[in-house]
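# Turn this into a model:
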Amino acid sequence: MVAALWYNEAMKVTVELADLSMAYGDRVLFSGVSATLRPGACTVVAGPNGAGKSTILRIVAGLQRPTVGTVTFRCDEGAVDSASSF
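Numbering: from 1, shown residues only. Prediction:
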């Protein structure tokens, strides 16, 4: 499920990653990734080549589904969109 979040200066969106895991066959890129990305904060995604940095960003953007876990977008009013557990 992909939801469009329209830009609104008054709306502050927090992105919550809960227990994200991604595997391609027997190869596990990452597992158990949880984080809260808050408005106005600078977040760095770092790691060696092939560790899954771009994959995490594609999952947050809604372009790819994780093997396991959820991504939830919250604004001041509550949950905007929550991807189902996979």
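# what are the phi and psi angles of the nearest residue to residue 20 once chain neighbours are set aside?
Using CB to CB, 6 or more residues apart in numbering and skipping the chain neighbours, the partner closest in space to residue 20 is residue 69 (3.6 Å). Any C-beta I mention is one placed from the backbone N, CA and C, and that applies to glycine too. Backbone dihedrals for residue 69, given as degrees, to the nearest 10, come out at phi 110, psi 180.
# Can you read off the pLDDT for residue 69?
The model reports residue 69 with a pLDDT of 96.
# Check residue 12 too.
83.
# out of everything not next to it in sequence, what's closest to it?
residue 39 (4.2 Å).
# contacting residues around the one you found?
12, 13, 14 (CB atoms under 8 Å, 6 or more residues apart in numbering).
# Then residue 51?
By CB under 8 Å, 6+ apart, the neighbours of residue 51 are 29, 30.
# Which helix or which strand is home to it?
Assigned by DSSP states H and E, residue 51 falls within no helix or strand.
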